[in-house]
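*Asks:* Would you be able to build a 3D model of this:
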Amino acid sequence: MRCDMLQKTPSDDCATANPRGSARKGAPARAAAPGGKRASLFNYSEEEWSEIEVAIQVVRKGPLPKKARKWLVGEARWYLAARSQLINERRTWQKATLLAERLRQLIWGVAERDRQLMVRAGYSMKKSQATANIFYSEDLGAVARIRDSVEAVARGYERYPTEGAHFDNPKLMYQFKVLLIWTSLGGELRVSRHPKHGKVQGPLARFFRAVTGPVMGALTPSPESLPDIIERQKRFLAFEATPEGRFALKNDFFHRDPHWPG
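*Replies:* As a prediction, this is how the structure comes out:
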């Protein structure tokens, strides 16, 4: 699915679709345009882009690269679209496994019924079985392969419920991507604290807030939660480097790959 085909829906209650960003933070999303037209896609306002660029100057001087801008906008749009759909990938693949097995059993039952019919009509057991195989073995094999495939994905989710949680959670994936963009620009996964009051501060804290605030609105993580988000990022990245993580990446590329508005 192309990122430019995604749109925010009325359920996005923490960011409006106003491309200029006015009154966006904490405000309800704009309703879909009348007549079934597509609502405006999210974009940062010029002021918000300026805030992001100021935050990045510590790690790289000059304007934010065009590629980084596209990536930030693409991930924001993807998050807003995925969040509105409320999809649970884990349960979806588990249901697909059950349905595939049910279909296999149904076809097998039809094949067995026809085999018994031929026996009652006077055909030999061998002939009846061979005929049933001719008609149903290909379909049974195809359904069995689909069942095995979706079952493997479902089991993969069961194997990494904590380490791979970002694959099945739009919010975690969005935060994960924002930190990926930060490190791709040369930033480090660390924060500092104010020497007097101990509050979280530093370039990453400013960048993370500037990027996620206009998108997540009232749901934007507080600066104090950033150390935990960074530790989670490191855990997710370490998991992706394992054999189980590579398997997860193979099956979740649609969500994990960078999203670019085209």
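
*Asks:* Look at stretch 218-229 and report the distance between its end residues.
*Replies:* Using CA to CA, to the nearest Å, the end-to-end distance of stretch 218-229 comes out at 17 Å.

*Asks:* all strands for the chain, in order.
*Replies:* 192-193, 200-201 (DSSP state E).

*Asks:* Off-centre distance for the first one?
*Replies:* So that's strand 192-193. Per CA atoms, centre = their mean, to the nearest Å, the displacement of strand 192-193 from the mean C-alpha position of its chain is 31 Å.

*Asks:* could you give the mean pLDDT of that strand?
*Replies:* Here strand 192-193 scores 84 as its mean pLDDT.

*Asks:* In terms of secondary structure, what does it contact?
*Replies:* strand 200-201 (3 or more CB pairs under 8 Å, 6 or more residues apart in numbering; DSSP states H and E). Backbone N, C-alpha and C define where each C-beta goes, glycine included.

*Asks:* Which elements pack onto the strand it packs on?
*Replies:* Counting by 3+ CB pairs under 8 Å, 6+ apart, strand 200-201 packs on strand 192-193.

*Asks:* hmm, who's touching the strand it packs on?
*Replies:* Strand 192-193 has contacts (CB atoms under 8 Å, 6 or more residues apart in numbering) with Lys199, Val200, Gln201, Gly202.

*Asks:* Please identify the most buried of the strands of the chain.
*Replies:* strand 200-201 (a mean of 17; mean count of other CB atoms under 10 Å).

*Asks:* how distant is it from the center of its chain?
*Replies:* Centroid separation for strand 200-201 versus its chain: 28 Å, with CA atoms, centre = their mean.

*Asks:* Name the strands paired with that strand and say parallel or antiparallel.
*Replies:* Strand pairing for strand 200-201, determined by DSSP bridges: strand 192-193 (antiparallel).

*Asks:* that older thread, which of the strands of the chain sits closest to Ala165?
*Replies:* strand 200-201 (22.7 Å; CB to CB).
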